[in-house]
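Novice: only the shape, not the letters, is given here:
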């Protein structure tokens, strides 16, 4: 990543010039949290793309297996929130690998996390001495009111379409497209 950062103005700019306005580019970044929390590499990369007039959206994938353990889920929420705050981008959080989830009954509790449910589950699983810490973590996630997830099941075309529509909405993809005027019969106008 540091090599990429050092070559933003040379190599990357040259590569980006090969794409046309309607191209949809995806940069898959390593899942290393330090890339957006401790070092400015990803932030500088995003700023470079914005400077080149790209519409940029952060997409954070959290493995659905994290919902089997509330402590892992809270960790995922905090990492997602950290990415949102550090990158200052429109953001879509995705709960991936939903096809692997066998019990989908309580999924709603994790898509738009209910703070009180999470806190009570967290307090049940951890020692009493962590109650204040648990409460503070849950309040942090709740105060920002920004952490929610969209389920992604790769087996369902509708799931993929929905995720793409959310990303399109974030980056305003296609909003600058020309309006297509439909030909109509003058008789139709007279009848209206």
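Specialist: Perfect, thanks for sending it. On a predicted model such as this, the values are computed, not experimentally measured, just so you know.
Novice: what is the top helix by length along the chain packed up against?
Specialist: Counting by DSSP state H, the longest helix found in the chain is helix 70-87. For helix 70-87, the elements it packs on are helix 34-37, helix 41-51, strand 58-63, strand 91-96, helix 115-125, helix 131-144, judged by 3 or more CB pairs under 8 Å, 6 or more residues apart in numbering; DSSP states H and E. Placement of C-beta: from N, CA and C, glycine included.
Novice: nearest to residue 28, out of these?
Specialist: Relative to residue 28, the nearest member of these by CB to CB is strand 58-63, separated by 9.5 Å.
Novice: buried ones in that closest one, by neighbour count?
Specialist: Using 16 or more other CB atoms under 10 Å as the test for burial, strand 58-63 gives 58, 59, 60, 61, 62.
Novice: what about stretch 10-23, average pLDDT?
Specialist: For stretch 10-23, mean pLDDT rounds to 78.
Novice: what about that stretch, how long is it end to end?
Specialist: 21 Å (CA to CA, to the nearest Å).
Novice: same check, this time on stretch 141-161
Specialist: 28 Å.
Novice: stretch 18-34 now?
Specialist: Taking CA to CA, the first and last residues of stretch 18-34 lie 30 Å apart.
Novice: what about this structure, any weak spots by pLDDT?
Specialist: Residues of the chain that meet the criterion pLDDT under 70 lie in 1, 35-36, 174-192.
Novice: which among the buried residues of strand 58-63 gets closest to residue 82?
Specialist: For the buried residues of strand 58-63, the minimum distance to residue 82 (CB to CB) is 9.6 Å, reached by residue 60.
Novice: right, and the closest one touches residue 92 too?
Specialist: Yes. Look at residue 60 against residue 92 with CB atoms under 8 Å: they come within range, at 7.4 Å.
Novice: sorry, back to before: what residues does the longest helix of the chain touch?
Specialist: 33, 36-37, 42-43, 46, 58, 60, 62-63, 65-67, 91, 93, 110, 113, 118, 121-122, 125-126, 137-138, 140-141, 144, 146-147 (CB atoms under 8 Å, 6 or more residues apart in numbering).
Novice: and with 7 Å instead?
Specialist: Applying CB atoms under 7 Å, 6 or more residues apart in numbering, the contact partners of helix 70-87 are 33, 36-37, 42-43, 46, 58, 60, 62, 66-67, 91, 93, 110, 113, 118, 121-122, 125, 137, 141, 144, 146-147.
Novice: same check, this time on stretch 158-168
Specialist: Identification of contacts with stretch 158-168 by CB under 7 Å, 6+ apart yields 57, 59, 92, 94, 150, 151, 152, 153, 154, 174.
Novice: can you select the buried ones from those in ChimeraX?
Specialist: ChimeraX command restricting the contacts of stretch 158-168 to the buried ones, with burial defined by 16+ other CB under 10 Å:
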select :57,59,92,94,150,151,152,153
